[in-house]
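> Any chance you can model this:
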Amino acid sequence: MNITKENIDALNAVVKIDITQEDYQSKVTEILQDYRKKANIPGFRKGHVPMSLVKKQYEKPVLIDEVNKLLQDSLSKFLVEEKLDILGNPLPKVQEDFSWDTEQFSFEFELGLSPEFEVNLKPKKAITQYKIVADKKMIDDQAANIQERYGKIISQTEVVEGANVTGTFVSEEKEIEKKTTFKLDVVKGKPNAKKFLGAKAGDVIKLKTKGLFNDDHLLETHLGVSHDDAHGLAIEVQFTLEETSTTEPAKLDQELFDKLFGKDVVKTEKEFRTKLQEDAEKQFEQQADQQLLNAVTESLIENTKFDLPAEFLQKWLAVAGEKQLSEEEAAEEFNRSEKGLRYQLIEGKISKDNNLQVTFEELKEFAKGFIKGQMAQFGNANPEEKELDDIAGRILGNQEEAKRLSEQLMSQKLLTFYKENVKLKEKEVSFDDFVKEVYK
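As a prediction, this is how the structure comes out:
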């Protein structure tokens, strides 16, 4: 057997494999002799079928199978030994005059080679790293919501400002009959709110759905209509009031603090507001980190220039999936996936050059931390170490789950690396300003 590689250019190569009869004949003969021992052909005793008859029936398919096995094994070994970093998989070149009726065979495979490049971690334009802070208004709103949620419900004989109302919306036209409860504050405009004020149980209030709530999406919740119907819904409905109440806000005292955070963790209103701020900003940090990861990804793709073996990759995409693609479909698929492939190569080089890898022990500890967080949400804040080990073992035994957690851990490692090595500028913003700037 002889294997040679010819470089077409920096990104494309052809591997040629020449296979002679000496490479496969002994294995083919061995298999045919085994067939002869087991063959059950009428007119011949088992094990005494003439080899000529066995060859006539089985030699060519056995030869084809063995040559293909030899071909794949030798190609894989060659790629490893030569340390060839390829994209996609080798593509066999079609040979119009190929025949299995010879003793020697030549095969050629096209290769798409991974490009060589340097990653630019210090572009001229610094990347914005957001620090999201919880402002006073946000903390005030959160405190008020908590006081409302833990407050005392007081039944009322008629609807007053800020009341909770329970009743049923009805529309024969749209076949609506939905019982619901909402706070009067979500009703839009004074004219609509005025129709509720003073109403008592059993009263029927006629309303128009257009502009009824501060957010049209509330029509889905309170009228039971679809998302599409909620937008621009303009019909008349009747609301039959069944009961109304007000909420006396809970006091910001030790009883409430203990309910929220555990006994004596928080002792004053100042500590309460500080805790709300810390918890909010911890959640914001996750969003800011994800935005930073996205921004760095875009910057790396934009500022790290290299060519790809586009023609080869399009040919490979055409045959790589379950369904073969046309040239046009393969070109479209390449255009859709090119950006992701570029970042995959960049991330791979960064990981290799800086020894960023996920070990099994790290993955196990990461999985245990994830499990512990989940268990804490259900009241088990201090699970046994053996229990964590057992659950982590079961999760990592699932290939898809292990892959998902490994990708999450690698993202964390990359994020830490980017924070330490990429050119960043910090910007402190409120959450509302963050949303406006990032998702505008």
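
> Just give me how far stretch 329-342 sits from the chain centre.
Relative to its parent chain, stretch 329-342 has a centroid offset of 18 Å by C-alpha atoms, centre = their mean, to the nearest Å.

> meant to ask about stretch 269-282
Put simply, stretch 269-282 sits 31 Å off its chain's centre (C-alpha atoms, centre = their mean).

> got it, and stretch 418-434?
Counting by C-alpha atoms, centre = their mean, stretch 418-434 comes out at 23 Å from the chain centroid.

> Stretch 427-440 now?
In this view, stretch 427-440 has its centroid 24 Å away from the chain centroid, taken as C-alpha atoms, centre = their mean.

> In space, what's closest to Val319 - neighbours in sequence excluded?
Of all residues not flanking Val319 in the chain, Leu91 sits nearest, at 7.4 Å (C-beta to C-beta, 6 or more residues apart in numbering). Bear in mind the C-beta positions are built from the backbone N, C-alpha and C, glycine included.

> Tell me, how many residues neighbour the closest residue in space to Met51 that isn't next to it in sequence?
Closest residue in space to Met51, ignoring its immediate chain neighbours: Arg36 at 6.0 Å, by C-beta to C-beta, 6+ apart. Taking other C-beta atoms under 10 Å as the neighbour definition, Arg36 ends up with a count of 20.

> host element of Arg36?
Per DSSP states H and E, Arg36 falls inside helix 21-38.

> which parts of the helix or strand just after that helix are buried?
Going down the chain from helix 21-38, the next helix or strand is helix 51-81, by DSSP H and E. Residues of helix 51-81 classed as buried: 54-55, 58-59, 62-63, 66-67, 70-71, 74-75, 78-79 (neighbour count, 16 or more other C-beta atoms under 10 Å).

> could you pull out the strands for the stretch 201-350 of the chain?
Counting by DSSP state E, counting those that start in this stretch, the stretch 201-350 of the chain has strands at residues 204-208, 236-248.

> For the chain, which helix extends over the most residues?
Of all segments of type helix in the chain, defined using DSSP state H, the longest is helix 269-303.

> So what's the gap between that helix and the chain middle?
A distance of 19 Å separates the C-alpha centroid of helix 269-303 from that of its chain, computed with C-alpha atoms, centre = their mean.

> Mind giving me the packing neighbours of that helix?
Using 3 or more C-beta pairs under 8 Å, 6 or more residues apart in numbering; DSSP states H and E as the contact criterion, the secondary-structure elements in contact with helix 269-303 are strand 127-133, helix 136-149, helix 254-261, helix 327-353, helix 399-421, helix 431-438.

> And the average pLDDT for it is what?
In this model, helix 269-303 has a mean pLDDT of 93.

> list the buried ones in it?
For helix 269-303, by 16+ other C-beta under 10 Å, it's 272-273, 276-277, 280-281, 284, 288-289, 291-292, 295-297, 299-301.

> Likewise for stretch 187-205?
Here stretch 187-205 shows 187, 192-193, 195-196, 199, 203, 205 as buried, counting by 16+ other C-beta under 10 Å.

> how far does that stretch sit from the chain's center?
46 Å.

> try stretch 392-406
Relative to its parent chain, stretch 392-406 has a centroid offset of 15 Å by C-alpha atoms, centre = their mean.

> confidence score at the residue nearest to Met51?
The model reports Arg36 with a pLDDT of 84.

> So Thr168 versus Glu242, what's the distance?
When C-beta to C-beta, to the nearest Å is applied, the distance between Thr168 and Glu242 equals 7 Å.

> typo on my end, Glu108
Per C-beta to C-beta, Glu108 is found 80 Å from Glu242.

> quick one, what contacts the residue nearest to Lys364 when sequence neighbours are not counted?
Here the nearest residue to Lys364 in space, its sequence neighbours aside, is Ala392; by C-beta to C-beta, 6+ apart that works out to 5.5 Å. Listed by C-beta atoms under 8 Å, 6 or more residues apart in numbering, the contact set of Ala392 reads 364, 367-368, 371.

> what sits up against stretch 342-361?
Contacts made with stretch 342-361 from outside it, assessed by C-beta under 8 Å, 6+ apart, are listed as 114-115, 117, 119, 297, 300-301, 304, 306, 308, 406, 409-410, 413-414, 417.

> can you rerun that using 6 Å?
With C-beta atoms under 6 Å, 6 or more residues apart in numbering as the contact definition, stretch 342-361 has outside contacts at 119, 297, 300-301, 304, 406, 409-410, 413.

> okay, how far is it across that stretch, tip to tip?
Using C-alpha to C-alpha, to the nearest Å, the gap from the first to the last residue of stretch 342-361 comes to 30 Å.

> Show me what counts as buried in it.
Of the residues in stretch 342-361, those with enough neighbours to count as buried (16+ other C-beta under 10 Å) are 342-343, 345-347, 349-351, 358.

> now do stretch 241-250
In stretch 241-250, the ones that count as buried by 16+ other C-beta under 10 Å are 241, 244-247, 250.

> one step back: pipe the strands of the stretch 201-350 of the chain into CSV and attach mean pLDDT per row.
Shown next, in CSV, are these (pLDDT from 0 to 100):
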stretch, mean pLDDT
strand 204-208, 95
strand 236-248, 95
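
> Dump the ones you listed to JSON lines, plus distance to Asp216.
Putting these into JSON lines (distance: least, C-beta to C-beta, whole Å) gives the following:
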{"stretch": "strand 204-208", "distance to Asp216": "13"}
{"stretch": "strand 236-248", "distance to Asp216": "14"}
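
> Select, out of those strands, the one closest to Leu325.
Among the strands of the stretch 201-350 of the chain, the nearest to Leu325 by C-beta to C-beta is strand 236-248 (51.6 Å).

> helices and strands around that closest one, which ones?
Using 3 or more C-beta pairs under 6 Å, 6 or more residues apart in numbering; DSSP states H and E as the contact criterion, the elements in contact with strand 236-248 are strand 152-156, strand 164-171, strand 204-208.
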